[in-house]
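1. I'd like to go over a predicted model; first the sequence, then the structure.
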Amino acid sequence: MRMETFKIQVEGSMPDTKMTVYIQGTSPELLMKKRPMILLCPGGGYHWTSDREADPLAVRFLAMGYHVAILRYSCAPAGYPTSLLEAATAMKLIHEHAQEWQVDEEKIVIQGCSAGGHLAASLGMFWHEAWISEKVGVPNGLLRPAGMILCYPVITSGEYAHRGSFENLLCGQYTGEMLERVSLEKQVTEHTPKAFIWHTYTDDTVPVENSLLLISAMKKYDIPVEFHMYPVGGHGLSTCDALAANAEGYGVQKECQSWLPLVQTWLQNL
């Protein structure tokens, strides 16, 4: 396995923005040559990117046999659309290195937790828009994720909003027009890729209605969604086990640990 870090800079990027890739090696002994790739977007309310939703998830997806990239995108005071353009740039870099890394370009999936889920879903909603391809310098088709894995995602800027995420994302652009633009249940189109989504019923930080609103919007376009709502569990659970528990021990939720084998099956059926 090889690890490599790429500095990512677009207009407005913070100095430490980067993508770290973990590329599994090929061997004459192995049947699998090209592998799918998962682009991870940790959460953190667009205030920071969480370590708990980075390496612990990367390890799990690597164990499933996938290449993994972790995007440490710009957060406040960097405002919209900086992080979205960074995610698009990350997709561009993956495609540029696809042959070298033996990436299956038809199976590049974007994943995100919480506000990282908002970023992942934003690329899913807006990848086809000309302004993004013009800024990044690639055809739109290269920016389309094969699917989205959204873990307790921030979606809506309306009644059930996690208000802090949108304040950090929009900074000085916090207007009604921009709130409408980044309320992603209102941005679903026929171009939106399929999704795997999970949330807990008792999430008291990002209400489950965020996921439900997105699912309802995707259903109107007959876009496939696999959704799992767990009856218990707080916010920011990541792998739901000791691997991602915080310093106080929070984050172990046995009832939710099934999401990882479930998403593995979903990925195998892409």
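-> Perfect, thanks for sending it.
2. so what's the residue nearest to I38 when sequence neighbours are not counted up against?
-> Of all residues not flanking I38 in the chain, F61 sits nearest, at 4.7 Å (Cβ to Cβ, 6 or more residues apart in numbering). All C-beta spots, glycine's among them, are computed from the backbone N, C-alpha and C. Contact analysis of F61 by Cβ atoms under 8 Å, 6 or more residues apart in numbering lists 38, 40, 68, 111.
3. Now do the second one: how many residues are near it, please.
-> Applying other Cβ atoms under 10 Å, we find 27 other residues in the vicinity of L40.
4. ok now do it, which residues does it touch?
-> For L40, the contacting residues are 53-54, 57-58, 61, 68-71, 111-112, 116, by Cβ under 8 Å, 6+ apart.
5. Can I get those in JSON lines including secondary structure, distance to Q173 and pLDDT?
-> Supplementary listing: the contacts of L40 in JSON lines, determined by DSSP: H, G, I helix; E, B strand; the rest coil; distance: Cβ to Cβ, whole Å; pLDDT from 0 to 100:
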{"residue": "E53", "secondary structure": "helix", "distance to Q173": "26", "pLDDT": "98"}
{"residue": "A54", "secondary structure": "coil", "distance to Q173": "27", "pLDDT": "98"}
{"residue": "L57", "secondary structure": "helix", "distance to Q173": "30", "pLDDT": "98"}
{"residue": "A58", "secondary structure": "helix", "distance to Q173": "32", "pLDDT": "98"}
{"residue": "F61", "secondary structure": "helix", "distance to Q173": "33", "pLDDT": "98"}
{"residue": "V68", "secondary structure": "strand", "distance to Q173": "32", "pLDDT": "98"}
{"residue": "A69", "secondary structure": "strand", "distance to Q173": "28", "pLDDT": "98"}
{"residue": "I70", "secondary structure": "strand", "distance to Q173": "27", "pLDDT": "98"}
{"residue": "L71", "secondary structure": "strand", "distance to Q173": "22", "pLDDT": "99"}
{"residue": "Q111", "secondary structure": "strand", "distance to Q173": "26", "pLDDT": "99"}
{"residue": "G112", "secondary structure": "strand", "distance to Q173": "21", "pLDDT": "98"}
{"residue": "G116", "secondary structure": "helix", "distance to Q173": "20", "pLDDT": "98"}
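6. In terms of helix, strand or coil, where does T189 fall?
-> Following DSSP: H, G, I helix; E, B strand; the rest coil, we place T189 in the coil state.
7. where's it relative to T175, distance?
-> According to Cβ to Cβ, to the nearest Å, T189 stands 23 Å off from T175.
8. And for G45?
-> Between G45 and T175 the computed distance is 20 Å (Cβ to Cβ).
9. of the two, who's got more company?
-> A direct count of neighbours by other Cβ under 10 Å for G45 and T175 places G45 higher, at 25 against 10.
10. So which residues of the stretch 1-150 of the chain form helices?
-> Assigned by DSSP state H, counting those that start in this stretch, the stretch 1-150 of the chain shows helices spanning 55-63, 82-96, 98-101, 115-126, 130-136.
11. Just the CA coordinates for the first one, please, in PDB.
-> Translated: helix 55-63. Taking Å, rounded to 0.1, in the frame of the first residue of the first chain, the C-alpha atoms of helix 55-63 are listed here in PDB:
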ATOM      1  CA  ASP A  55      -8.800   7.600   9.500                       C
ATOM      2  CA  PRO A  56     -11.200   5.300  11.300                       C
ATOM      3  CA  LEU A  57     -13.500   5.200   8.300                       C
ATOM      4  CA  ALA A  58     -10.600   5.000   5.900                       C
ATOM      5  CA  VAL A  59      -9.300   1.800   7.700                       C
ATOM      6  CA  ARG A  60     -12.800   0.200   7.300                       C
ATOM      7  CA  PHE A  61     -13.100   0.900   3.600                       C
ATOM      8  CA  LEU A  62      -9.600  -0.200   3.000                       C
ATOM      9  CA  ALA A  63     -10.400  -3.500   4.700                       C
END
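12. where does it sit relative to the chain's centre, distance-wise?
-> 14 Å (Cα atoms, centre = their mean, to the nearest Å).
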